[in-house]
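Visitor: A predicted structure for the sequence below; I have some questions about it.
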Amino acid sequence: MSASKQSLKTAPWSKNAENQPRRVGVELEIAGFDLDHLTQILAQFFDLRVEHPGRYERKLIGDPAGGWVIELDFDLLKKIGREPRALEFTGQQLEQSAEDLLAWAAEMLVPLEIVSPPLALTRLGQVEDMISHLRDAGAKGTSDSLINAFGMQFNPELPRLDAAFITRCLQAFVCLYDWLFKRANIDMTRRITNYVNPYPKRYAQKITQADYQPDLVQLIDDYLMDNPTRNRALDMLPLFAHLDSERVAKVTQDALIKPRPTFHYRLPDCNIHEVNWGLYLAWNDWVEVERLAEDAERLQACCEAYQDYLNSPFKNMLNNWADITETEWLNPLSR
């Protein structure tokens, strides 16, 4: 069965924090095309028109949800590419040559990134069809090369932005992380980079304690103390910067943090060249996180069991938390 025919699980929350239909942004890192070829494929697939904001960026205009971005995933080169080229002086010619050399090297090592606008959840099937279309056209992903540290990222909107709700979501993610990691079968190239590191053990232990009920300030401070970086499998900095930008800026001034009322789930590889690979694999596992967060009684019991596992060397030695999660803590009705 092709990936586009696989079913996408229904998330437990259909509205965002403004009581509007919930949306999700999707980001894919791929190879196999040059920038303009990929842009033309997507422009034709979605029937959109192309704009050129820079030499290494393209924008697709005309989607009611917003603009699609296709770009070389290299910030320095994108900044250079937004400046006009000049040829009148020898120094500028040398500068142009340096840019061309940088671009030549980047195109061999750096992926092209497709960034969707925030899409209604009902459009995820269309993204799945886009993935199949790109695969048929020759797209390459993570496991196609030893140097392809490519990923797929979700940015789902939250239905509520209060501390109690966000804490439940973080607890559910921590409890299911080992299972998510096992299921994702992360490529070795991405494992040895630090892009998708897990939360430190002491943070996981802290937030899954039964009496952990922080207000928003404490929740953000606790997160920043142990996670002052975007390099986490679930990056909460965009959400916390949206809620309290000054507090986040005191700890990190990373210009790549984009404040928004969403999760930033970065764990999955992007194996777009594999026939049965699709959005559904990571999305359906993510939905299990949301379903656990929604089920207060199951979440509390799971947190207690996780604490017991973390604090028991004997259980650590004889059991695997990912397997325990699979058999005891996932909702049988959802599988």
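Guide: Now that the structure is in, tell me what you want to look at.
Visitor: then stretch 35-54 to CSV, C-alphas only?
Guide: Extracted in CSV, the C-alpha atoms of stretch 35-54 (Å, rounded to 0.1, in the frame of the first residue of the first chain):
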residue,chain,number,x,y,z
LEU,A,35,16.1,24.7,-6.0
ASP,A,36,14.3,25.8,-9.2
HIS,A,37,13.4,22.3,-10.2
LEU,A,38,11.8,21.5,-6.8
THR,A,39,10.0,24.8,-6.9
GLN,A,40,8.5,24.1,-10.3
ILE,A,41,7.3,20.7,-9.2
LEU,A,42,5.6,22.1,-6.1
ALA,A,43,4.1,25.1,-8.0
GLN,A,44,2.5,22.8,-10.5
PHE,A,45,1.3,20.3,-7.9
PHE,A,46,-0.5,23.0,-5.9
ASP,A,47,-1.2,25.4,-8.8
LEU,A,48,0.7,28.3,-7.2
ARG,A,49,2.9,31.0,-8.6
VAL,A,50,6.6,31.6,-7.8
GLU,A,51,8.3,34.5,-6.2
HIS,A,52,12.1,35.0,-5.8
PRO,A,53,12.9,36.7,-2.4
GLY,A,54,16.6,35.7,-2.8
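Visitor: start at 766 instead
Guide: I'll keep to 766 as the first residue from here, and by that count the last item is stretch 800-819.
Visitor: And that stretch, what's buried?
Guide: For stretch 800-819, the neighbour count (16 or more other C-beta atoms under 10 Å) marks 800, 803-804, 806-808, 813, 815, 819 as buried. All C-beta atoms are positioned from the backbone trio N, CA, C, and that covers glycine.
Visitor: Which stretches in the stretch 816-965 of the chain count as helices?
Guide: Applying DSSP state H, counting those that start in this stretch to the stretch 816-965 of the chain gives helices spanning 840-846, 855-874, 889-902, 928-949, 953-957.
Visitor: now these in TSV, with mean pLDDT, distance to residue 909 and mean neighbour count?
Guide: Conversion of the helices of the stretch 816-965 of the chain to TSV gives the following (pLDDT from 0 to 100; distance: least, C-beta to C-beta, whole Å; neighbours: other C-beta atoms under 10 Å):
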stretch	mean pLDDT	distance to residue 909	mean neighbour count
helix 840-846	68	22	16
helix 855-874	66	13	12
helix 889-902	96	11	18
helix 928-949	97	17	21
helix 953-957	79	11	14
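Visitor: Adding distance to residue 792, write those helices out as TSV.
Guide: TSV is the format used below for the helices of the stretch 816-965 of the chain (distance: least, C-beta to C-beta, whole Å):
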stretch	distance to residue 792
helix 840-846	15
helix 855-874	18
helix 889-902	11
helix 928-949	16
helix 953-957	15
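Visitor: and of those helices, who's closest to residue 914?
Guide: The minimum distance between residue 914 and these falls on helix 953-957, with 4.7 Å, by C-beta to C-beta.
Visitor: Next secondary structure after the closest one?
Guide: helix 966-972 (DSSP states H and E).
Visitor: Tell me the gap between stretch 937-948 and the middle of its chain.
Guide: Stretch 937-948 has its C-alpha centroid displaced from the chain centroid by 15 Å (C-alpha atoms, centre = their mean, to the nearest Å).
Visitor: Of the buried residues of stretch 800-819, which belong to strands?
Guide: Cross-referencing those against strands under DSSP state E gives 815, 819.
Visitor: farthest-separated two in the buried residues of stretch 800-819?
Guide: Largest pairwise distance in the buried residues of stretch 800-819, by C-beta to C-beta, is 19.6 Å, between 806 and 819.
Visitor: ok, back up a step: out of the helices of the stretch 816-965 of the chain, the one nearest residue 787 is which?
Guide: With C-beta to C-beta as the yardstick, what comes closest out of the helices of the stretch 816-965 of the chain is helix 889-902 (11.2 Å).
Visitor: what packs against the closest one?
Guide: Packed against helix 889-902 by the contact rule (3 or more C-beta pairs under 8 Å, 6 or more residues apart in numbering; DSSP states H and E) you find strand 788-795, helix 800-811, helix 1044-1059.
Visitor: To residue 900, which of the ones you listed lies closest?
Guide: Checked against C-beta to C-beta, the stretch from these lying closest is strand 788-795, at 9.5 Å.
Visitor: Each with direction, which strands does the closest one pair with?
Guide: Strand 788-795 sits in its sheet next to strand 877-880 (antiparallel), strand 884-885 (antiparallel), strand 917-921 (antiparallel), going by DSSP bridges.
Visitor: the inter-axis angle of it versus helix 800-811?
Guide: 140 degrees (axes from the mean of the first three to the mean of the last three C-alpha atoms, to 10 degrees).
Visitor: Show the average pLDDT along strand 788-795.
Guide: For strand 788-795, mean pLDDT is 97.
Visitor: May I have it as CSV, with CA atoms only?
Guide: This file holds the C-alpha atoms of strand 788-795, laid out as CSV (Å, rounded to 0.1, in the frame of the first residue of the first chain):
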residue,chain,number,x,y,z
ARG,A,788,-3.6,23.9,12.1
VAL,A,789,-0.1,22.4,11.7
GLY,A,790,3.0,23.4,9.8
VAL,A,791,5.1,20.8,8.2
GLU,A,792,8.8,21.1,7.2
LEU,A,793,10.7,18.6,5.0
GLU,A,794,14.4,18.4,4.3
ILE,A,795,15.2,16.6,1.1
